[in-house]
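Q: make a model of this:
(one chain, ligands or ions: 1)
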Amino acid sequence: MSDTSGPDAADTADTAGTTGTPGLTGENFGAYQSKLYLNGLGGQLPPFTTDFTALEDSVRERLEPGPFRYVAGSAGSGATARANRAAFDAWRLVPRMLRDATVRDLRTTVLGTDMPAPVLLAPIGVQSIIHPDGELATARAAAALGVPTVLSTASSHTIEDVAAASGDGPRWYQLYWPNDDEVCVSILNRAKAAGFTTLVVTLDTWTLAWRPHDLDLSYLPFVRGVGTAIPFSDPAFLAGLEKSPEEDLISAVLRWVPMFTGTDRSWDRLPFLRDHWDGPIVLKGIQHPDDARRAAAAGMDGIVVSNHGGRQVDGAVASLEMLPEIAAAVGDRTEVLFDSGVRTGSDVLKALALGAKAVLLGRPYAYGLAHGGEDGVRHVLSGLLADLDLTLGLSGHRSPAELSPESLRRA
Ligand SMILES: Cc1cc2nc3c(=O)[nH]c(=O)nc-3n(C[C@H](O)[C@H](O)[C@H](O)COP(=O)(O)O)c2cc1C
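A: Numbering: from 1, shown residues only. Modelled structure (predicted):
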């Protein structure tokens with residue numbers, strides 16, 4: 001991955017554009033920067049801002065108020081989401097010089113999934129409220145870059161259609177754990193058959209938090225039958241209905257919503273998932289080192305240190321704040337992934353330095369989807385990976401493995 005300010009810049013940049021297929025081997029992410037500058041010579045500006053901390057504002061007028069607030073909003077007062085960002089700002093990278101960081105390699109492997117960089121797309125439900133192509137566009141953009149996508153149970157497209165859109169791309173499946181075992185097993189079987197390799201079980205959203213931004217508009221996609229494509233195409237779920245969702249939407253919604261929300265679980269239920277999923281299992285939403293230890297002791301293959309982007313517990317600790325303690329507790333026994341608040345390349349580096357093996361990107365790609373469907377997601381992902389690559393090199397590192405807490409100082 002060489003920097004591209006030299007004479008070969010144009011050639012390199014051509015392979016890293018919004019419509020090319022960069023990065024499948026973890027190379028040339030930084031070249032996306034050159035591509036954007038060279039496009040400027042022909043009068044072409046980036047499709048939308050390259051400042052991914054400004055994406056929320058950039059889509060405010062593009063989306064209807066309900067969808068915008070659903071995506072951008074957080075629980076309660078928004079304190080947890082603000083804390084997530086503040087926690088990143090509280091750490092600073094300490095750049096090192098003359099370390100031969102011209103050629104870099106961002107590739108990594110997590111739970112058997114090879115990825116060109118330590119970045120996955122977080123599960124985001126109901127993407128059709130953002131763009132009609134929703135999860136299909138996201139899957140195509142991720143696959144084009146070789147980045148794994150994590151499909152939400154609250155998808156607005158079916159498991160099988162998203163798998164087809166993802167093609168040869170790596171894909172994981174996120175479970176909102178239905179309280180009907182038959183439906184649960186049926187969904188797991190479909191995900192396995194469709195090539196989703198790792199199961200991500202989200203623990204922090206067993207019921208919805210108090211979300212004033214949605215309540216004030218009385219806007220919840222599921223009760224309108226949006227984000228229900230997976231159950232509404234599931235034979236076990238449909239078998240329990242007297243009429244199809246097309247004939248009687250309300251009855252189908254009233255059967256599904258209490259099935260996937262409202263029931264908390266306990267640790268002793270995890271073997272059920274192990275019995276019905278033969279790949280790796282990752283628990284998402286871990287915030288306490290004791291819960292991380294319990295996950296490792298239960299044989300879970302990974303955890304995502306996440307507070308759901310501040311959308312669940314208001315006034316909670318920043319996800320990044322808990323990462324070092326959790327990584328120290330279980331990092332040698334289970335894969336530690338991270339999300340909540342990642343917006344820039346340096347944010348990714350900080351999370352990796354504090355013990356994450358990879359991070360999940362959340363809202364930024366949803367805003368890319370709002371701007372331009374598949375191309376919009378690709379612009380965000382290409383830009384984030386370019387920023388990550390350049391910042392890794394400029395801070396004196398050749399690979400994510402070289403990062404450690406020593407790479408950082410408290411602000
Ligand atoms: C609109 C929206 C929908 C989401 N849907 C899901 C979901 O269906 N399943 C899930 O596990 N997490 C879901 N999340 C949480 C993300 O996976 C991730 O944890 C979060 O977005 C990270 O925070 P960030 O967006 O601030 O980076 C959703 C987040 C947003 C913004």
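
Q: so where do the helices sit in the stretch 151-300 of the chain?
A: For the stretch 151-300 of the chain, applying DSSP state H, counting those that start in this stretch gives helices covering 159-166, 181-193, 212-215, 229-232, 235-238, 249-260, 270-276, 289-297.

Q: okay, the ones you listed in CSV with mean neighbour count and distance to residue 95 next?
A: Every residue, glycine included, has its C-beta placed from N, CA and C. Below are the helices of the stretch 151-300 of the chain laid out as CSV (neighbours: other CB atoms under 10 Å; distance: least, CB to CB, whole Å):
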stretch, mean neighbour count, distance to residue 95
helix 159-166, 21, 37
helix 181-193, 19, 42
helix 212-215, 16, 38
helix 229-232, 24, 45
helix 235-238, 17, 53
helix 249-260, 18, 46
helix 270-276, 14, 43
helix 289-297, 18, 30
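
Q: okay, those in a markdown table with mean pLDDT next?
A: Output for the helices of the stretch 151-300 of the chain, formatted as a markdown table (pLDDT from 0 to 100):
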| stretch | mean pLDDT |
| --- | --- |
| helix 159-166 | 99 |
| helix 181-193 | 98 |
| helix 212-215 | 98 |
| helix 229-232 | 98 |
| helix 235-238 | 98 |
| helix 249-260 | 97 |
| helix 270-276 | 98 |
| helix 289-297 | 98 |
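
Q: so which of those helices is nearest residue 328?
A: Closest of the helices of the stretch 151-300 of the chain to residue 328 is helix 289-297, at 7.8 Å (criterion: CB to CB).

Q: and that closest one, what does it pack onto?
A: If you count contacts as 3 or more CB pairs under 8 Å, 6 or more residues apart in numbering; DSSP states H and E, helix 289-297 packs onto strand 281-286, strand 302-305, helix 319-330.

Q: picking up where we left off before, so which of the helices of the stretch 151-300 of the chain comes closest to residue 381?
A: Closest approach to residue 381 among the helices of the stretch 151-300 of the chain (CB to CB): helix 159-166, 14.0 Å.

Q: possible to save the helices and strands packed on helix 289-297 as TSV with mean neighbour count and distance to the ligand?
A: What follows is the helices and strands packed on helix 289-297, written out as TSV (neighbours: other CB atoms under 10 Å; distance: least, CB to the nearest ligand atom, whole Å):
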stretch	mean neighbour count	distance to the ligand
strand 281-286	25	5
strand 302-305	28	7
helix 319-330	22	8
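
Q: so can I have JSON lines of these showing mean pLDDT?
A: Shown next, in JSON lines, are those (pLDDT from 0 to 100):
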{"stretch": "strand 281-286", "mean pLDDT": "99"}
{"stretch": "strand 302-305", "mean pLDDT": "99"}
{"stretch": "helix 319-330", "mean pLDDT": "98"}
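
Q: ok, which of these comes nearest residue 99?
A: Residue 99 sits nearest to helix 319-330 of all the helices and strands packed on helix 289-297, at 24.0 Å, using CB to CB.

Q: measure residue 267 to the ligand for me?
A: 19 Å (CB to the nearest ligand atom, to the nearest Å).

Q: ok, back up a step: mind putting the helices of the stretch 151-300 of the chain into JSON lines with distance to residue 361?
A: Below are the helices of the stretch 151-300 of the chain laid out as JSON lines (distance: least, CB to CB, whole Å):
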{"stretch": "helix 159-166", "distance to residue 361": "16"}
{"stretch": "helix 181-193", "distance to residue 361": "21"}
{"stretch": "helix 212-215", "distance to residue 361": "21"}
{"stretch": "helix 229-232", "distance to residue 361": "22"}
{"stretch": "helix 235-238", "distance to residue 361": "30"}
{"stretch": "helix 249-260", "distance to residue 361": "24"}
{"stretch": "helix 270-276", "distance to residue 361": "25"}
{"stretch": "helix 289-297", "distance to residue 361": "22"}
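
Q: let me have those helices in JSON lines, extended by distance to the ligand.
A: Compiled in JSON lines, the helices of the stretch 151-300 of the chain are given as follows (distance: least, CB to the nearest ligand atom, whole Å):
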{"stretch": "helix 159-166", "distance to the ligand": "13"}
{"stretch": "helix 181-193", "distance to the ligand": "13"}
{"stretch": "helix 212-215", "distance to the ligand": "10"}
{"stretch": "helix 229-232", "distance to the ligand": "11"}
{"stretch": "helix 235-238", "distance to the ligand": "17"}
{"stretch": "helix 249-260", "distance to the ligand": "10"}
{"stretch": "helix 270-276", "distance to the ligand": "15"}
{"stretch": "helix 289-297", "distance to the ligand": "16"}
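
Q: about what we covered before: as TSV, the helices and strands packed on helix 289-297 with distance to residue 351 would be great.
A: Formatted as TSV, the helices and strands packed on helix 289-297 follow (distance: least, CB to CB, whole Å):
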stretch	distance to residue 351
strand 281-286	14
strand 302-305	9
helix 319-330	7
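
Q: what sits against the nearest residue to residue 335 once chain neighbours are set aside?
A: For residue 335, ignoring the flanking residues on the chain, the nearest one in space by CB to CB, 6 or more residues apart in numbering is residue 302 at 3.6 Å. By CB atoms under 8 Å, 6 or more residues apart in numbering, residue 302 lies in contact with 110-111, 198, 280-283, 334-337.

Q: which of the residues you listed tops the neighbour count?
A: Greatest neighbour count in the contacts of residue 302, by other CB atoms under 10 Å, goes to residue 336: 28 neighbours.

Q: now it. Its backbone dihedrals?
A: Residue 336 adopts backbone torsions of phi -110, psi 110, taken as degrees, to the nearest 10.

Q: test my guess that it contacts residue 326.
A: Yes: applying CB atoms under 8 Å, one finds residue 336 in contact with residue 326, separated by 6.4 Å.

Q: who touches both of the two?
A: Common neighbours of residue 336 and residue 326, using CB under 8 Å, 6+ apart, are 292, 303, 305, 355.
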